[in-house]
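A.B. asks: need a structure here:
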Amino acid sequence: MRRPALAALWLLGAGGFLAPVRHPSAPRTPRAQNYAGCRAPRLAPLAAASASLVEKSGLLPKGARHVSEDLVKKSHRFDVSLSEPLGLTLGEAAADDGRGTVVYVKGVDAAGAAHAAGCREGDRVVATSATLGDAMWPKSSIAGVVSAVRSRLQLGNKRVAFRIERSLDNNEIALAEIRSRDVIVETWDVTLPKPLGLTLSDQNGKPAIQEIKKGGSASRADGRIREGDRVVAVESAFGGRMWDVTTVGEVLAAAALPTRPSLTLRLERDVKVGPWSGLLRKNGEPKPRGAEAARDRVRQDVGDALNAYLELRRANLPATATASLVLERCGYLAKTYAQRGASDRSKAKDRLDALVDVLREAELPMSAKFATNAVSAYAAAGAPHRGAALFERCVNGEAGHPVPNQRLLTAGVSSYARLGDANKAFEVVRSSATNVDARLGNALL
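C.D. replies: Here you go, the predicted structure:
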């Protein structure tokens with residue numbers, strides 16, 4: 001088995017390389033796979049694929065070309081095109097299955113092309129450009145990568161492509177799945193005096209509103225009823241209960257009862273919550289900085305779900321499913337901002353502040369899960385005082401803030417611990433009348 005090795009791939013002006021330097025302690029990369037060397041069949045360039053979950057979720061580096069994804073193995077592949085200097089330090093280690101070796105990114109120089117292309121430590125190099133043409137050749141050794149890059153550039157090519165395999169953590173996968181939800185279903189009840197002023201038709205096995213007529217009560221419902229809404233239940237003949245309906249005839253029979261001056265319908269509507277399309281910076285506008293940049297990023301990350309929530313609330317609809325989706329997204333975003341903000345805590349704090357502000361401005365009550373994630377994220381980003389302030393608003397019962405449960409209480413106590421305020425931590429626990437479990441006990445200690 002080949003010993004672990006490191007090699008610097010800082011391309012100099014004339015195409016020279018620093019010689020590979022052996023290193024006895026290169027770490028084994030997690031979830032790496034075994035890739036055949038140059039004797040294996042070459043990889044033909046792939047045709048452009050439809051948008052993947054990774055692409056839709058914004059996890060693909062800007063300018064990179066998506067190749068494939070495997071959410072079971074928690075990884076995805078993409079191609080980046082680099083010019084010199086590359087600014088890469090590569091490592092070589094045994095594959096997880098014990099057969100052959102893999103090449104991984106040991107370091108990325110901020111002044112090189114790899115950094116600008118979004119490469120990062122832990123990425124695995126699985127293929128590079130062929131000497132001629134657009135084909136990709138698999139690689140499993142540093143020597144193979146160096147040889148391929150050198151020969152391509154020495155023949156006058158100004159760029160070389162790297163096929164990168166990147167692992168996805170559980171938060172990224174969860175966030176990808178949340179962001180990929182383009183449509184959710186909202187359900188609510190509405191009571192309409194007669195005449196209703198509705199024309200119904202069958203759509204995919206359900207009675208749906210085909211037309212809203214002028215003069216009927218439905219036309220005065222202020223957005224609570226729209227063409228395309230589906231009727232899933234009607235009020236029973238004696239009131240107080242809702243009966244499921246599957247045909248237009250069942251709805252008409254309920255509406256035709258002469259003793260009923262009004263009719264309650266249970267409606268459902270498909271709500272689009274795809275990528276954010278409003279409030280983003282337009283081309284030509286100056287790039288925002290600081291807090292403004294953070295708000296811009298948060299709005300992109302939350303997506304159109306927030307727009308949909310606000311629209312439903314303006315129509316006095318409950319928007320329960322949409323609110324749940326927004327809070328779920330925001331909870332994962334809080335954790336992601338903290339994790340990725342290790343190198344720039346100021347940016348992480350600004351994004352967390354913007355996340356909390358966006359929910360407050362939308363008058364969307366926080367869930368205990370989101371508040372827990374946000375308090376913990378503030379602490380991880382080096383701002384436990386902001387996490388403690390958010391936790392105190394929950395303890396004080398401020399509008400839009402949840403009552404602390406065990407997990408939120410533990411997150412708040414952890415923030416006080418980081419601030420060195422043990423008295424406050426014990427005071428909160430005593431006043432909460434909550435049983436102290438192992439996690440909360442460790443936070444107090």
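A.B. asks: And the average pLDDT for stretch 381-392 is what?
C.D. replies: For stretch 381-392, the mean per-residue pLDDT is 92.
A.B. asks: so how far is it off the chain centroid?
C.D. replies: With C-alpha atoms, centre = their mean, to the nearest Å as the basis, stretch 381-392 stands 23 Å off its chain's centre.
A.B. asks: List of residues touching it?
C.D. replies: Stretch 381-392 has contacts (C-beta atoms under 8 Å, 6 or more residues apart in numbering) with 337-338, 341, 345, 348-349, 352-353, 356, 371, 374-379, 401, 404, 408, 411-412, 414-416, 418-419, 421, 424. For the C-beta atoms, the positions are set from N, CA and C on the backbone; glycine is no exception.
A.B. asks: which of these count as buried?
C.D. replies: For the contacts of stretch 381-392, a burial check counting by 16 or more other C-beta atoms under 10 Å picks out 337-338, 341, 348-349, 352-353, 356, 371, 374-379, 401, 404, 408, 411-412, 414-416, 418, 421, 424.
A.B. asks: Among the residues you listed, which ones are in helices?
C.D. replies: 337-338, 348-349, 352-353, 356, 371, 374-379, 408, 411-412, 414-416, 418, 424 (DSSP state H).
A.B. asks: what's downstream of the helix or strand harbouring L263, the next helix or strand?
C.D. replies: Secondary structure assignment for L263, by DSSP states H and E: strand 262-272. Next in sequence after strand 262-272, counting helices and strands by DSSP H and E, comes helix 290-302.
A.B. asks: on that earlier part again, which strands and helices sit next to the strand holding L263?
C.D. replies: strand 183-193, strand 230-235, helix 248-255, helix 305-314 (3 or more C-beta pairs under 8 Å, 6 or more residues apart in numbering; DSSP states H and E).
A.B. asks: Output the third one in CSV with nothing but the alpha carbons.
C.D. replies: In other words, helix 248-255. Extracted in CSV, the C-alpha atoms of helix 248-255 (Å, rounded to 0.1, in the frame of the first residue of the first chain):
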residue,chain,number,x,y,z
VAL,A,248,-68.8,18.1,-7.3
GLY,A,249,-72.2,16.5,-6.7
GLU,A,250,-71.5,16.1,-3.0
VAL,A,251,-70.6,19.8,-2.7
LEU,A,252,-73.7,20.9,-4.6
ALA,A,253,-75.9,18.6,-2.5
ALA,A,254,-74.7,20.2,0.7
ALA,A,255,-75.1,23.7,-0.7
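A.B. asks: quick one, what contacts the closest residue to I212 other than its chain neighbours?
C.D. replies: Leaving aside its sequence neighbours, I212 sits nearest to A218 (C-beta to C-beta, 6 or more residues apart in numbering; 5.0 Å). A218 makes contact with 192, 196-198, 209, 212, 225, according to C-beta under 8 Å, 6+ apart.
A.B. asks: Take those and write them to JSON lines, including distance to R260.
C.D. replies: Listed next are the contacts of A218 as JSON lines, based on distance: C-beta to C-beta, whole Å:
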{"residue": "L192", "distance to R260": "11"}
{"residue": "L196", "distance to R260": "11"}
{"residue": "G197", "distance to R260": "16"}
{"residue": "L198", "distance to R260": "15"}
{"residue": "I209", "distance to R260": "19"}
{"residue": "I212", "distance to R260": "20"}
{"residue": "I225", "distance to R260": "18"}
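A.B. asks: Need those in TSV (columns: neighbour count).
C.D. replies: Converted to TSV, those look like this (neighbours: other C-beta atoms under 10 Å):
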residue	neighbour count
L192	20
L196	22
G197	18
L198	25
I209	23
I212	19
I225	24
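A.B. asks: now, among the residues you listed, which is nearest to V126?
C.D. replies: I209 (52.6 Å; C-beta to C-beta).
A.B. asks: Looks to me like that closest one is in a strand.
C.D. replies: Yes: I209 sits within a strand when classified using DSSP: H, G, I helix; E, B strand; the rest coil.
A.B. asks: Would you enumerate the residues in contact with it?
C.D. replies: Taking C-beta under 8 Å, 6+ apart as the definition, contacts of I209 comprise 198-200, 218, 225-231, 267.
A.B. asks: any idea how far it is from A237?
C.D. replies: Per C-beta to C-beta, to the nearest Å, I209 is found 22 Å from A237.
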